[in-house]
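1. I'd like to go over a predicted model; first the sequence, then the structure.
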2 protein chains.
Amino acid sequence: MRKQEITIYDVAREAKVSMATVSRVVNGNTNVRKDTRERVMEVINRLHYQPNAVAQGLASKRTTTVGLIVPDLTDLYFAELSKGIDDIALIYKYNIIITTIENRLMKEDQAIQSLLNKQVDGAIYMSDRLSKEAADAFKRTDTPVVLAGTKDNRQEFASVTIDYQKADTEAYNLMYNDGKRNVALVIADANAVVNAENRLPAYKKFMADHDLGEGHVYDNIKDYSDGYNLYSQLVKDGIDAILVSHDIAAVGILNSAMDAGKKIPEEMEIVTNATQIASVVRPSLTAIKQPLYDIGAVAMRMLTKLMRDEEVADTHILLPYELLKKQSTANQ
Amino acid sequence: MRKQEITIYDVAREAKVSMATVSRVVNGNTNVRKDTRERVMEVINRLHYQPNAVAQGLASKRTTTVGLIVPDLTDLYFAELSKGIDDIALIYKYNIIITTIENRLMKEDQAIQSLLNKQVDGAIYMSDRLSKEAADAFKRTDTPVVLAGTKDNRQEFASVTIDYQKADTEAYNLMYNDGKRNVALVIADANAVVNAENRLPAYKKFMADHDLGEGHVYDNIKDYSDGYNLYSQLVKDGIDAILVSHDIAAVGILNSAMDAGKKIPEEMEIVTNATQIASVVRPSLTAIKQPLYDIGAVAMRMLTKLMRDEEVADTHILLPYELLKKQSTANQ
DNA sequence: CTGAAAGCGCTAACAC
DNA sequence: GTGTTAGCGCTTTCAG
């Protein structure tokens, strides 16, 4: 954006056509005679002409850019989602503006507004706490949004997820069948929509169905050291099985147990949500494996349809998950 | 970008001023009388006016957007670099367009060209293989570029790194002092600039200095399973100490050894480059800890200066690293 | 099949 | 302090 750029006008003059014709060639419009097209192409290549996407965006009102709103890039959960999104975005030739919203100077709705001001054609939202202000900002501009790996509590926005409640229940039953009765839930944020509306209800239902009392929910456990420090409390509370929402936290708990010379899974069974990390630690962690890449890919594909006003049959997609039994639950 | 947007003109009409005045208010220009400013602000808030950044970009020739070129989002090495970049970008109010370039439908220079067409004000490049075509594309537009955690072989571009040669040498000496004599190097890509010009020379020099012969370099080992499968070959080759460039690959080697009932570090010492992963596996991995977050942050800060044509004293910055001794080398 | 002309929404001289 | 006026580089009718 500093050197004198070659513009469409330079190409037009050099090829002795109007800028409209150059525009047609650039955009693959078929209404151009073959030899005209070739002449223009020759000039384009010779001058290294590249269309200015900002000008295109202003004139056409479409930027072929989508916004990604993500809490933290270094969380593999979001990184794997993003990879799925990115691959599909590439296919449909969308660029990605990424905005992180955790611990920020800027509030979430400001971050989103900044994205909208860049005139993104659509957005994918991956955090678990869509605020009302943020939702309103989206609705004001009518920009299509898809939630990937999360939901809003009013289901107003399109989303791609797994059935969290079913997955968690399956995990609890696994541990219950291993004879565990003091089952706890370890999460990062009880107010997050998925926790409030899926994980916590699933936990309560499981506990009630098996007459296991109130149980224990440990909130605010999101990283390795949170998990590492939590272990002694779990022991104190007599917990013998846990479902942990973040696998990096689960690894903290695991290592804390191992460092204390405890036996996993004998003394405590652990089930978590899998990223890369769950399977590379030893003992490896039994985990609910969400198809993160696919969730991202499907969300982005859906977004492309919404951006083009194409028909979308189902805007609340559930993808299948797997419960991968590894070494942190009993061998059977 | 679909609903009728409020434009600067609507605000001007409503506030009974010219669009120039609205522009001044929006951009914090002080040459506006207080009561005029307040009247305009009131209208802006009432109408929810938000400036169209695309139009601003076209008119001002600055988009306040920077491009990030990164091989893979799910590689924590790049994720941690990106986080440092992102935090500084936020402070200076730049948005980030991210482009991944590994295993892509699109070649690297096309990906970069697409970024440049969006008129980014600058770019940060994190891959290890800046191609000539890509470099030429940058130079053609005169867009400032900073390399983060990598270098180009001609040192034409600004960069922020550590002293790889020194770090590796320190790692080799550690293992040598533990009595290891069959030291090998395990890397992802021998043609990568940092490997070709820093890691390999450091390895050769170490081997020569200690009369250890030619040694063994294992190339193309980049992920967990690459590492896992490599272990038996290392044993076959009589290797008793390795420096591994990617910690996820190192974990593969480690687990392969553990699964085979071998003792680490007794039978093989391992040193790697640290991300989050190196410290959460057991035994934990001795590692060269690059200040990845800082590298990203410093690179982005330097880029802001370059974008504003400010003086930059040193465009090839070396940051300090640490060699963290953990359980994969002998206790001392 | 091609060209002319009117914007897209904003910034930035330049006047007053 | 404020308004007028050219563009920024492109797309998109509308004619022909």
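-> All right, it came through fine. Residues are numbered from 1 along each chain as shown, chains lettered A, B, ... in the order given.

2. can you list the residues of the stretch 1-150 of chain A near DNA strand D?
-> Listed as neighbours of DNA strand D in the stretch 1-150 of chain A under the rule C-beta under 7 Å from any atom of the strand: A:5, A:7-9, A:19-20, A:23-24, A:26-27, A:49, A:51-52, A:55-56, A:58-60. Every C-beta, even on glycine, is put in place using the N, C-alpha and C of the backbone.

3. in helices, which of those residues appear?
-> The helices, defined by DSSP state H, take in A:Ile8, A:Tyr9, A:Met19, A:Ala20, A:Ser23, A:Arg24, A:Val26, A:Ala55, A:Gln56, A:Leu58, A:Ala59, A:Ser60 from those.

4. which two in these are spaced the farthest apart?
-> A:Arg24 and A:Leu58 (18.6 Å; C-beta to C-beta).

5. got a quick ChimeraX command for the buried subset of the residues of the stretch 1-150 of chain A next to DNA strand D?
-> Applied in ChimeraX, the following selects the buried portion of those according to 16 or more other C-beta atoms under 10 Å in any protein chain shown:
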select /A:5,7,8,23,24,26,49,51,52,55,56,58
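
6. what subset of the residues of the stretch 1-150 of chain A next to DNA strand D is also close to DNA strand C?
-> Restricting these to those near DNA strand C by C-beta under 7 Å from any atom of the strand leaves A:Met19, A:Ala20, A:Arg24, A:Ala55, A:Leu58, A:Ala59.

7. quick one, helices of chain A?
-> Remark: helices assigned in chain A by DSSP H are A:8-15, A:19-26, A:34-47, A:53-60, A:76-91, A:108-117, A:132-141, A:164-177, A:193-194, A:200-209, A:224-236, A:247-259, A:276-280, A:292-307.

8. any chance of the ones you listed in JSON lines, plus mean pLDDT?
-> Converted to JSON lines, the helices of chain A look like this (pLDDT from 0 to 100):
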{"stretch": "helix A:8-15", "mean pLDDT": "94"}
{"stretch": "helix A:19-26", "mean pLDDT": "94"}
{"stretch": "helix A:34-47", "mean pLDDT": "93"}
{"stretch": "helix A:53-60", "mean pLDDT": "96"}
{"stretch": "helix A:76-91", "mean pLDDT": "96"}
{"stretch": "helix A:108-117", "mean pLDDT": "93"}
{"stretch": "helix A:132-141", "mean pLDDT": "87"}
{"stretch": "helix A:164-177", "mean pLDDT": "97"}
{"stretch": "helix A:193-194", "mean pLDDT": "93"}
{"stretch": "helix A:200-209", "mean pLDDT": "97"}
{"stretch": "helix A:224-236", "mean pLDDT": "97"}
{"stretch": "helix A:247-259", "mean pLDDT": "96"}
{"stretch": "helix A:276-280", "mean pLDDT": "91"}
{"stretch": "helix A:292-307", "mean pLDDT": "97"}
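
9. rebuild those helices as TSV, extending it with distance to B:Asn255.
-> What follows is these, written out as TSV (distance: least, C-beta to C-beta, whole Å):
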stretch	distance to B:Asn255
helix A:8-15	57
helix A:19-26	52
helix A:34-47	51
helix A:53-60	46
helix A:76-91	18
helix A:108-117	39
helix A:132-141	42
helix A:164-177	24
helix A:193-194	31
helix A:200-209	32
helix A:224-236	19
helix A:247-259	14
helix A:276-280	7
helix A:292-307	22
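
10. of those helices, which is nearest B:Arg282?
-> helix A:247-259 (6.2 Å).

11. now for that closest one, which elements pack on it?
-> strand A:183-186, helix A:224-236, strand A:241-244, strand A:269-273, helix A:276-280, helix B:276-280 (3 or more C-beta pairs under 8 Å, 6 or more residues apart in numbering or on different chains; DSSP states H and E).

12. phi, psi of the one residue in the stretch 151-300 of chain A that gets nearest to DNA strand C?
-> Closest approach between the stretch 151-300 of chain A and DNA strand C, counting by C-beta to the nearest atom of the strand: A:Phe157, at 24.8 Å. A:Phe157 adopts backbone torsions of phi -100, psi 150, taken as degrees, to the nearest 10.

13. isn't it right next to A:Thr143, touching?
-> No - A:Phe157 is beyond contact range of A:Thr143, at 11.0 Å (criterion: C-beta atoms under 8 Å).

14. more crowded one of those two?
-> A:Thr143 (23 against 20; other C-beta atoms under 10 Å in any protein chain shown).

15. now A:Ala297, nearest residue through space, not along the chain?
-> What sits nearest to A:Ala297 in space, not counting adjacent residues and going by C-beta to C-beta, 6 or more residues apart in numbering or on different chains, is A:Gly84, at 3.8 Å.

16. and for the one you found, the neighbour number?
-> 23.

17. contacting residues for it?
-> A:Leu292, A:Tyr293, A:Asp294, A:Ile295, A:Gly296, A:Ala297, A:Val298, A:Ala299, A:Met300 (C-beta atoms under 8 Å, 6 or more residues apart in numbering or on different chains).

18. ok, the residues you listed vs A:Asp240, which is closest?
-> A:Leu292 (29.2 Å).

19. what count of nearby residues applies to the closest one?
-> 26.

20. tell me how many other residues crowd the closest residue to it other than its chain neighbours.
-> Of all residues not flanking A:Leu292 in the chain, A:Glu80 sits nearest, at 3.9 Å (C-beta to C-beta, 6+ apart). Burial measure for A:Glu80: 23 neighbouring residues, criterion other C-beta under 10 Å.

21. up against DNA strand C, what does the stretch 1-150 of chain A have?
-> So the stretch 1-150 of chain A meets DNA strand C at A:16-21, A:24, A:30-34, A:36-37, A:55, A:58-59, A:61 (C-beta under 7 Å from any atom of the strand).

22. need phi/psi at A:Met126.
-> According to degrees, to the nearest 10, A:Met126 has phi -120, psi 0.

23. tell me if I'm right that A:Lys151 and A:Val194 touch.
-> Yes - the pair A:Lys151 and A:Val194 passes the contact test of C-beta under 8 Å, sitting 6.3 Å apart.
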